[in-house]
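No sequence on hand, only this structure:
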């Protein structure tokens, strides 16, 4: 007899683990499949905006999520999902989830695997991740108050990060491989007015240097080929993120950026329609909901878990005002 889970959750960070907690507490048979526990959230050296903690490291916060998910009865498997198939018969709807190593069956799915930040592929980048190198200025910017930082990128994310960091850092270097920016012109002009922001255009970061923490970066001018060493305490890489949703696009609707489209109840839709897709829910950074923050992902995970429970128990579509703390 094949083993069938009530819900399979793809992703093991704040959204996925939160969903696992809520599903487990409702006595559902839960499986979390994730390449790694925590993802980008676990790499944050210090988090100061998660309610209930004045200060906590990302690894410690995710550790608590993980332990609570296990205590709630969730099973967690370290693997990567490669494909999902929907199996519909006259009696039931199931999903076949295939990973690199195994196959799993489930009555419902929660997609919570988040985004993967694009990397520079510069020498030393991985070595100093969490030790000066960051992919989230809003998350880690406060750690560099009064210090010298560099931002890489030319889109709205990079320019907004530069603008934000200019208000707390002593100096900001904005490094972009071109002269023109993809960001909104109004934002570019606002950054240009900041006296503590210096533009390094037609440049790329070749190397990240330091000992225990980042101390400098090697920047190459693409026009002249010249290299220079820029001393800084932090490097914020804001060149976008990758959403690996190709394996699920045949089942759910995605937007122009590849994000899974959801409603306020974390329900998904059939591709290219506004018809709700039964049995598949999504939460966190992989969705089209703005503000990619841990607290928002965790809240969405809770919603997705409750909606999965309602779906499995036949309550989907019915109003259920739940004021409890269960």
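In hand now; what should we look at? In this text the structure is predicted, and so the values were computed from the model without any measurement.

residue ranges of the strands in the stretch 101-250 of the chain, please?
Counting by DSSP state E, counting those that start in this stretch, the stretch 101-250 of the chain has strands at residues 103-106, 109-111, 116-117, 133-134, 148-152, 171-176, 197-201, 203-210, 214-221, 227-231, 234-237, 241-242.

Burial-wise, tell me which of these comes out on top.
strand 109-111 (a mean of 31; mean count of other Cβ atoms under 10 Å). Using the backbone N, CA and C atoms, a C-beta is placed for each residue, glycine as well.

other SSEs contacting that one?
strand 7-10, helix 14-24, strand 276-282, helix 294-312 (3 or more Cβ pairs under 8 Å, 6 or more residues apart in numbering; DSSP states H and E).

Quickly note the distance from the residue nearest to residue 180 when sequence neighbours are not counted to residue 278.
What sits nearest to residue 180 in space, not counting adjacent residues and going by Cβ to Cβ, 6 or more residues apart in numbering, is residue 154, at 7.6 Å. In this structure, residue 154 and residue 278 are 42 Å apart, going by Cβ to Cβ, to the nearest Å.

quick one, which of those two is more surrounded?
The residue with more neighbours, out of residue 154 and residue 278, is residue 154; 21 against 15, by other Cβ atoms under 10 Å.

give the contact list for the more buried one.
By Cβ atoms under 8 Å, 6 or more residues apart in numbering, the residues touching residue 154 are 176-178, 180-183.

Is the residue sitting furthest away from the middle of the chain in a helix, a strand, or coil?
The outermost residue of the chain relative to its centre, with distances by Cα atoms, centre = their mean, is residue 90 at 37.4 Å. Following DSSP: H, G, I helix; E, B strand; the rest coil, the label given to residue 90 is coil.

Please tell me how far it sits from residue 52.
Distance from residue 90 to residue 52, by Cβ to Cβ: 48 Å.

Would you list the phi and psi of the residue farthest from the centre of the chain?
When read as degrees, to the nearest 10, the backbone of residue 90 gives phi -70, psi -20.

How much space separates the nearest residue to residue 260 once chain neighbours are set aside from residue 255?
Nearest residue to residue 260, sequence neighbours excluded (Cβ to Cβ, 6+ apart): residue 282, at 4.3 Å. From residue 282 over to residue 255 the distance is 12 Å, taken as Cβ to Cβ.

more crowded one of these two?
residue 282 (31 against 11).

pLDDT score for the more buried one?
Listed pLDDT for residue 282 reads 98.

what residues are up against it?
Counting by Cβ under 8 Å, 6+ apart, the residues that residue 282 touches are 110-112, 252, 260, 262, 266, 268, 304.
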